[in-house]
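Got a predicted model here, sequence first, then my questions.
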Amino acid sequence: MYPYASCKDDAAFEQLCRGLFYPPLANKIDYAFYDYYGRFVTNRESLCYFFSVQRRLSEVLRSKGRDVLEIGCGFGLILICQTLLGAKRAIGIDISDEMISGFKVLLTRFPELAITPLKGDFLVTEFEKESFDVVILNETISHVRDTRLLLDKIQRTLRPQGVLFIADGNNDAFFPSRIQRRRGWITSERGPIPERQAKYGRAVDRLSFFDARKEIIKTAFPLLDDDSVKLLAQRTQGMYGQNLEQACRELLSTGKTHQRASFPYRNPYTGEFPELGINPFRLTKDLEARGFQCRYLPPPYSYLGWHTKLSFAKDLAVKGSRLIFKCPNKLFPLLSPYFLIVATRCQS
């Protein structure tokens, strides 16, 4: 899916460059944008690679002339590319104030594009039934607090023969990445939070989950001493929202609580998972049960090297990617920590 293609004489790519490589933009948009997209937005060659990926994605999803929704859109660069490549109308929704604000800043450089950024939670946002032809979940599904509800709402939102695209780097079928993911859960709960995340991340991600629960408890129960707050934060691990506050009230009044965390590592503000492992084979079964036809795409070779710093391993990853394209479709999720699914909603 990810062959590199030249962007020479590509009018859409030139328009993207004019929009992004505008010196005053760096002073207007949050630094997190450059941190989030890394090397892709620093020079033409890297941006050309990113854009060629988006061009191929546009072909796979048949997004030209169609209505596109991206859930967890972040700063919206994917939607900007898809619209430059011909998408008729695009809406991006994200729970992050910082990212949606940055998305709006980016759109000032592309005023002609029919793109609407929405700050909100897709799980509680109502779109008209069958109002989109394409739905994109890029590095989103492993964070959503209720996968079943997510898939149900997407099924309702997509038109018949509409396409759902899911890409995620938390592939539970790829066993080598499981240990690293579990270490990440522990870090999210206990800290220390990486310095760049603490400084440039979303406001809801700048504290460890334990420290975030302490802040929430202090706000809800301002008369409690620090030791009591700490104890409550320890005993409510994995809780969020109303369940967290209700559990604290029960603990304070009876020393016990009927509230139970379904998973020990959850963002106390939003209930999001910190990169939950997703089994793509189970996910496709859930989609098929909802009337989707699914297929896997080969993983991008950059993930086959598994972020190694060894040059020979990267070379092997690039060469190995050519062999992977020849593998049976069902083997793709076993070969990389990254999985990609294209699911087409069958006719009603």
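Sure thing, it's come through. Numbering: from 1, shown residues only.

Go ahead and confirm Leu251 touches Gln259.
No - assessed by C-beta atoms under 8 Å, Leu251 is found out of contact with Gln259, at 9.1 Å. C-beta here means a position set from N, CA and C on the backbone, and glycine is covered the same way.

Val105 - nearest residue in space that isn't next to it in sequence?
Among residues not flanking Val105 along the chain, Ile29 sits closest, at 4.6 Å (C-beta to C-beta, 6 or more residues apart in numbering).

Please apply the same query to Lys330.
Leaving aside its sequence neighbours, Lys330 sits nearest to Tyr296 (C-beta to C-beta, 6+ apart; 6.8 Å).

Please enumerate the strands of the chain.
For the chain, the strands defined by DSSP state E occupy 67-71, 89-94, 115-119, 132-138, 158-168, 292-297, 339-345.

so which of those gets nearest Asp146?
Nearest to Asp146, of all those, is strand 67-71, at 12.7 Å by C-beta to C-beta.

Direction included, what does the closest one pair against?
Using DSSP bridges, strand 67-71 pairs in its sheet with strand 89-94 (parallel), strand 132-138 (parallel).

Turn those into CSV, columns for mean neighbour count.
CSV is the format used below for the strands paired with strand 67-71 (neighbours: other C-beta atoms under 10 Å):
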stretch, mean neighbour count
strand 89-94, 22
strand 132-138, 22
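
Which one, of those, ends up nearest to Asn267?
Checking these against Asn267 by C-beta to C-beta gives strand 89-94 as the closest, at 14.4 Å.

export the strands paired with strand 67-71 to a markdown table and tack on mean pLDDT and distance to Lys230?
Below are the strands paired with strand 67-71 laid out as a markdown table (pLDDT from 0 to 100; distance: least, C-beta to C-beta, whole Å):
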| stretch | mean pLDDT | distance to Lys230 |
| --- | --- | --- |
| strand 89-94 | 97 | 32 |
| strand 132-138 | 97 | 37 |
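
Just send those back as CSV, with distance to Gly65 too.
Below are the strands paired with strand 67-71 laid out as CSV (distance: least, C-beta to C-beta, whole Å):
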stretch, distance to Gly65
strand 89-94, 10
strand 132-138, 9
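
got any ranges where this structure has weak pLDDT?
Along the chain, segments meeting pLDDT under 70 span 1-6, 8-9, 300-328, 348.

rerun at 50
Applying pLDDT under 50 to the chain flags residues 1-3, 302-308.

and the longest helix for it?
helix 44-61 (DSSP state H).

which residues sit in contact with Phe339?
Phe339 makes contacts with 166-168, 171, 173-174, 278, 280, 296, 299, 332-333, as judged by C-beta atoms under 8 Å, 6 or more residues apart in numbering.

go again using 7 Å as the cut-off
Phe339 makes contacts with 168, 171, 280, 296, 299, 333, as judged by C-beta atoms under 7 Å, 6 or more residues apart in numbering.

Repeat that for Arg249.
Neighbour list for Arg249: empty [criterion: C-beta under 7 Å, 6+ apart].

again with Gln234
Contacts for Gln234 (C-beta under 7 Å, 6+ apart) come out as none.

if I look at it, how far off is Phe210?
Distance from Gln234 to Phe210, counting by C-beta to C-beta, to the nearest Å: 8 Å.

Leu149 too?
Look at Leu149 and Phe210: by C-beta to C-beta, they are 27 Å apart.

Ok, Gly201 next?
Gly201 is 17 Å from Phe210, by C-beta to C-beta.

same deal with Ser262?
Distance from Ser262 to Phe210, by C-beta to C-beta: 18 Å.

Can you pick out the residue with more neighbours from these two?
Of the pair Ser262 and Phe210, Phe210 is the one with more neighbours under other C-beta atoms under 10 Å, namely 17 against 11.

Let me know whether that one touches Leu232 as I believe.
No - Phe210 lies out of contact with Leu232 (C-beta atoms under 7 Å); the separation is 11.0 Å.

re the thing from before, other SSEs contacting the longest helix of the chain?
Applying 3 or more C-beta pairs under 7 Å, 6 or more residues apart in numbering; DSSP states H and E, one finds that helix 44-61 contacts helix 11-20, helix 77-84.

Any idea how far the first one is from the middle of the chain?
Same thing as helix 11-20. In terms of C-alpha atoms, centre = their mean, to the nearest Å, the centre of helix 11-20 is found 24 Å from the chain centre.

Can I get it in CSV? Just the C-alpha atoms.
The C-alpha coordinates for helix 11-20 follow below in CSV (Å, rounded to 0.1, in the frame of the first residue of the first chain):
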residue,chain,number,x,y,z
ALA,A,11,-0.7,20.5,-8.0
ALA,A,12,-2.3,19.2,-4.8
PHE,A,13,1.1,18.5,-3.3
GLU,A,14,2.3,22.0,-4.2
GLN,A,15,-0.8,23.4,-2.5
LEU,A,16,0.0,21.4,0.6
CYS,A,17,3.6,22.7,0.6
ARG,A,18,2.5,26.3,0.3
GLY,A,19,0.1,25.8,3.2
LEU,A,20,2.6,24.1,5.6
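
okay but Cys248 is in contact with Ile217, surely?
Yes - using C-beta under 7 Å, Cys248 is in contact with Ile217, at 5.9 Å.

Thanks a lot, catch you later.
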